[in-house]
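J.: Dropping a prediction and its sequence here:
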Amino acid sequence: MRRLIFAFVLFFPFSPILHAEVNTGILENKADPKKNKKINSGKVIWEYIIEDNNTNDTKLLWKKINEKQKNDFRINNKTLIPAIQKEVKKSKSYDQISNQLVYHDLLDMGRSVPKANILKKGDVEISFSQITPFKKSYYGGGTGNQNYSISINYGLNDFLMIEGFYSHSDDPLHKKITKYDKPVANRWISYGASFTWQFFKDNDLLIALNSSIENWNVASGGCYSYKCSTTSNNIFNDNKEEIINNNFVGSISLPLNYKLTNKLDFNFIPRFILLPSQQSNRSSSGKFYGSSFGLGTGIEYQIQKNLKSYSSVYRPITSGYNSFDENLLFSKKTIYNLGVVYSLDTQVAIKAGLTNGFGLSPSLGTLALPSSDELLYTTSLIYKPKNVGIPLEKISKQNRLRLGGLSVSTAESLNLGEINASYYLNNNGSWGNKIVWGASNRFDFDISTSSIGQNSYSEKPFNGKYHDNDKLFFRGGGKATFFSQNDGDFITSSVRVSAGRLRGVGWLFTELINTYNFDDNLSFNFNPKISYSGIASPAAVGTSMSWQMLNDISLIPEYNFSLNQSNDNWTIAIRISKLKNKYFDIYTTNTLNFIDTGQMLRSDTKSYGFNVGFIF
């Protein structure tokens with residue numbers, strides 16, 4: 001019914017040009033009555049009829065609509081569908097629709113509890129996930145025991161969805177194995193495919209069949225750390241050797257979703273998990289999880305139009321295990337999940353939660369953290385590239401803020417589809433290259449490569465442990481914008497997170513970026529930031545100002561105030577942006593590096609250099 005109303009509103013203004021008449025007996029040719037034909041068909045036959053006296057002006061007229069009219073719309077994939085309302089205006093067009101109710105249907109409530117939801121035909125959902133314990137491992141090092149994954153779901157048709165996925169964890173076991181003195185190396189790599197067949201769909205009830213097949217590479221013993229030259233014990237025998245097995249694993253689930261109210265769903269999921277019961281090499285073997293049958297249940301609640309919550313539990317019932325402890329004793333543990341999903345816009349959502357399930361694939365999602373059952377936190381970025389991107393209500397006059405800063409970032413996001421590529425070089429041989437892509441109007445992906453050519457300040461708490469001179473490193477991250485002055489908020493605020501390794505050590509960097517525009521020529525930034533690793537956790541507050549002194553010439557002073565295990569540092573830059581979508585900076589600084597953690601550290605010498613960038 002909604003589509004009929006939409007078609008009527010859309011085509012009504014053009015009815016004098018495009019006309020169709022249905023009659024089971026007669027099709028009338030208005031242009032030439034002599035050619036009228038009698039037919040025996042009930043099909044709609046479309047013909048173009050041009051009337052000489054047509055004076056309708058069919059030019060689209062954009063105009064602003066009120067809040068009530070905006071609420072009559074919701075986003076549904078690539079179409080703006082008007083709700084059934086008697087007051088829908090028959091005007092020729094509507095203005096840009098923003099801040100709408102955005103639906104990101106959950107495909108699972110934690111990897112241990114899949115749902116019966118599927119994507120529509122042709123839709124794509126890409127998810128990047130990470131999971132790690134709150135407590136540090138007993139041996140320290142890096143950012144802790146972590147698991148990473150990427151999954152891509154695709155709607156084959158309106159009742160079948162397929163998925164491809166990959167997950168990777170290579171940290172030593174989290175807890176000390178009682179009978180060994182040193183950390184035990186451990187690696188899990190899983191990749192495979194799954195499908196979800198939604199074979200029953202009613203107004204309030206969905207039932208689907210979900211199945212996955214995976215290759216699970218399990219390695220225990222040996223060594224997987226940076227420049228490792230030793231080997232460790234394994235958990236399958238008492239030898240100091242590496243045991244590696246590729247295992248065929250899988251899962252079969254029957255998720256049932258029942259809509260209790262417009263905001264509350266109940267879910268019930270029986271599952272069978274196929275896992276190996278032992279791992280071996282040529283000479284010996286050891287116990288492992290084994291296959292099991294279990295039950296999952298959960299609820300999903302829509303808190304507000306772009307925020308929903310979920311909670312779920314899964315419990316193995318029959319033979320088989322999903323956890324082992326520091327004494328290598330296997331047991332059954334209930335896997336629980338609790339989280340929220342916040343939709344930034346129609347294309348990007350952020351999922352954050354608590355769980356004790358460490359696996360990030362359909363078959364491994366029911367497994368607890370190896371060597372321990374403890375609380376973990378998980379985050380996911382959900383990206384739907386084929387969803388429509390809603391245009392901004394107002395394009396910022398402060399377009400120069402999209403160019404970012406040097407050692408202090410700006411909160412302004414790129415416009416949908418834009419790419420910002422920049423490169424800097426200083427007289428000490430330090431350089432960096434950064435590419436930022438506007439995945440939506442409120443989310444940017446970025447990737448950086450850099451090399452540091454100078455030493456860090458000698459009094460720094462972890463001097464000599466952060467970087468090797470002239471060694472290349474890579475980082476990747478993303479920035480989500482939650483508030484924007486362009487949308488009427490008091491301030492523009494974003495959160496950026498990035499990850500990467502230097503000298504084999506993982507560094508997780510996060511910052512809260514706040515930009516306030518006083519007017520078209522002056523803005524101020526205030527950015528608390530912190531970096532996590534097993535070596536140190538430096539923290540600082542970055543401050544900066546961007547003052548457009550003359551047309552397309554800006555002064556950018558920056559200062560990072562040390563809070564913990566970091567150093568005060570400064571940067572002064574002049575930015576020239578006279579050419580459209582191009583800019584050139586000249587600067588002097590004592591900052592160690594303009595990429596993430598390096599922003600909070602001081603170099604042992606001052607430097608000068610240039611930074612050049614393009615937006616396309």
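T.: Arrived safely, thanks for sending.
J.: Could you pull out the buried residues of stretch 149-165?
T.: Of the residues in stretch 149-165, 149-151, 153-155, 160-161, 163, 165 count as buried by neighbour count, 16 or more other C-beta atoms under 10 Å. Yep, even glycine has a C-beta here, placed from its N, CA and C like the rest.
J.: out of these, what pair is the most spread apart?
T.: Pairwise distances across these (C-beta to C-beta) peak at 22.5 Å, for the pair Ser149 and Leu160.
J.: mind listing what's buried in stretch 369-384?
T.: Those would be 369-373, 376, 378, 380-384, for stretch 369-384 by 16+ other C-beta under 10 Å.
J.: Can you give me the first-to-last residue distance of that stretch?
T.: 30 Å (C-alpha to C-alpha, to the nearest Å).
J.: What's the mean pLDDT across it?
T.: For stretch 369-384, mean pLDDT is 94.
J.: pLDDT wise, what is Gly221 at?
T.: In this model, Gly221 carries a pLDDT of 90.
J.: ignore the last one, Thr318
T.: Thr318 is given a pLDDT of 90.
J.: Repeat that for the one 4 residues further on.
T.: According to the predicted model, the pLDDT of Asn322 comes to 96.
J.: any low-confidence regions in the protein?
T.: 1-103, 140-144, 224-229, 389-400, 458-464 (pLDDT under 70).
J.: returning to what we had before: rebuild the buried residues of stretch 369-384 as a markdown table, extending it with secondary structure.
T.: Formatted as a markdown table, the buried residues of stretch 369-384 follow (DSSP: H, G, I helix; E, B strand; the rest coil):
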| residue | secondary structure |
| --- | --- |
| Leu369 | coil |
| Pro370 | coil |
| Ser371 | coil |
| Ser372 | coil |
| Asp373 | coil |
| Leu376 | strand |
| Thr378 | strand |
| Ser380 | strand |
| Leu381 | strand |
| Ile382 | strand |
| Tyr383 | strand |
| Lys384 | coil |
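J.: Pull the most distant pair out of the residues you listed.
T.: Farthest-apart pair in the buried residues of stretch 369-384 is Ser371 and Lys384; separation 36.6 Å (C-beta to C-beta).
J.: Run through the helices of the chain in chain order.
T.: Shown for the chain, the helices assigned by DSSP state H span residues 2-11, 67-70.
J.: Among the buried residues of stretch 369-384, which one lies nearest to Asn514?
T.: Nearest to Asn514 among the buried residues of stretch 369-384 is Leu381, at 21.3 Å by C-beta to C-beta.
J.: what sits against the nearest residue to the closest one once chain neighbours are set aside?
T.: Among residues not flanking Leu381 along the chain, Phe128 sits closest, at 4.7 Å (C-beta to C-beta, 6 or more residues apart in numbering). Neighbouring residues of Phe128 by C-beta atoms under 8 Å, 6 or more residues apart in numbering: 148-150, 380-381, 383.
J.: now the nearest residue to Phe616 once chain neighbours are set aside: how far from Gln347?
T.: Distance criterion C-beta to C-beta, 6+ apart; nearest residue to Phe616, sequence neighbours excluded, is Ile419 at 5.7 Å. Look at Ile419 and Gln347: by C-beta to C-beta, to the nearest Å, they are 16 Å apart.
J.: Neighbour count: the two, which is higher?
T.: Gln347 (24 against 14; other C-beta atoms under 10 Å).
J.: State the distance from Asn564 to Phe509.
T.: In this view, Asn564 and Phe509 are 14 Å apart by C-beta to C-beta.
J.: Equivalent analysis for Asn426, please.
T.: 21 Å.
J.: what do you get for Pro255?
T.: Here Pro255 is placed at a distance of 37 Å from Phe509 (C-beta to C-beta).
J.: Pairing partners for the most centrally placed residue in the chain in the sheet, please.
T.: With distances taken as C-alpha atoms, centre = their mean, the residue of the chain nearest its centroid is Leu381 (1.8 Å). When bridges are called by DSSP bridges, Leu381 pairs up with Phe128, Ile350.
J.: wait, isn't it in contact with Leu344?
T.: No - with contacts counted by C-beta atoms under 8 Å, Leu381 stays clear of Leu344, the gap being 9.8 Å.
J.: okay, and the common contacts of the two?
T.: With C-beta under 8 Å, 6+ apart as the test, Leu381 and Leu344 both reach 350, 443.
J.: How about Ile207, nearest residue that isn't a chain neighbour?
T.: Using C-beta to C-beta, 6+ apart, the closest residue to Ile207 is Phe200 (4.0 Å).
J.: An error on my part: the question was meant for Tyr258.
T.: That would be Phe266: by C-beta to C-beta, 6+ apart, it lies 4.8 Å from Tyr258.
J.: and the one you found, what does it touch?
T.: Contacts of Phe266 (C-beta under 8 Å, 6+ apart): 257-258, 260, 297-299.
J.: for the stretch 51-200 of the chain, what spans make up the strands?
T.: 73-76, 79-82, 124-133, 147-155, 160-169, 186-201 (DSSP state E, counting those that start in this stretch).
J.: Distance to Leu579 for those strands - can I get that in CSV?
T.: Shown next, in CSV, are the strands of the stretch 51-200 of the chain (distance: least, C-beta to C-beta, whole Å):
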stretch, distance to Leu579
strand 73-76, 37
strand 79-82, 37
strand 124-133, 34
strand 147-155, 37
strand 160-169, 42
strand 186-201, 45
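J.: Quick one: closest of those strands to Glu326.
T.: It's strand 186-201; of the strands of the stretch 51-200 of the chain, that one is closest to Glu326 (C-beta to C-beta) at 12.9 Å.
J.: So what are the sheet partners of that closest one and their directions?
T.: Applying DSSP bridges, you get strand 160-169 (antiparallel), strand 205-220 (antiparallel) as the partners of strand 186-201.
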